[in-house]
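Engineer: Give the three-dimensional model of this entry:
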Amino acid sequence: MTMHLIKLCVGADSIEDLENYRTRVKAAAKARGETWQSTHVTRMFPKQATKILEGGSLYWVIKRVIQVRQRIIDLQEVIGDDGIKRCAIIMDNELIRTAPAVRRPFQGWRYLKPDDAPMDLSDPAAGGAELPADLRRKLIEIGAW
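Structural biologist: Numbers count the residues shown, from 1 in each chain. Sure thing, here's the model as predicted:
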């Protein structure tokens, strides 16, 4: 069974903020002559790595709402400058918008079962794919979606 991860997207107020951050990081990597790959480094390595690598995604919580996900390509052990082992979550560069799902704040990442994961907005059953970003954000903020 596939397993997903869920993580707070700290510092982003919207999907557009996340996209702008990624654009800046990508441009900086290009300026250094490096190839950019969407990666997030976290302290803990998932014990269910095999299940995550069977098609799992990282679901980003922005302003207490799951709004977007990225497919996980690989999980790699890395050593930080402080000598501590960490996990690099290597993701597909595509951001896939999801139906909004409210979540309470938490630290680190958590497992997310496929049955608990929100639908992609590209799924006709999810609705809202055609809404302008600012209207979608307002509907989420007032709890109407």
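Engineer: Leaving out the residues flanking it, which one is nearest to the residue nearest the centre of the chain?
Structural biologist: Centre of the chain computed as the mean C-alpha position; nearest residue by Cα atoms, centre = their mean is residue 60, 3.4 Å away. Spatial nearest neighbour of residue 60, chain neighbours left out: residue 9 (4.2 Å); criterion: Cβ to Cβ, 6 or more residues apart in numbering. No exception for glycine: its C-beta is placed from N, CA and C like everyone else's.
Engineer: Kindly report the same for residue 92.
Structural biologist: Nearest non-adjacent residue to residue 92 (Cβ to Cβ, 6+ apart): residue 71, at 4.1 Å.
Engineer: still on that earlier bit, report the separation between the residue nearest to residue 60 and residue 25.
Structural biologist: 14 Å (Cβ to Cβ, to the nearest Å).
Engineer: more neighbours, those two?
Structural biologist: residue 9 (21 against 13; other Cβ atoms under 10 Å).
Engineer: how about that one, what does it touch?
Structural biologist: Contact analysis of residue 9 by Cβ atoms under 8 Å, 6 or more residues apart in numbering lists 18, 60, 61, 62.
Engineer: Tell me the predicted confidence for the residue nearest to residue 60.
Structural biologist: At residue 9, the predicted lDDT confidence score is 95.
Engineer: May I see the buried residues of the helix or strand harbouring the residue nearest to residue 92?
Structural biologist: In this structure, residue 71 sits in strand 65-79 according to DSSP states H and E. With burial defined by 16 or more other Cβ atoms under 10 Å, the residues of strand 65-79 counted as buried are 65, 66, 67, 68, 69, 70, 72, 73, 75.
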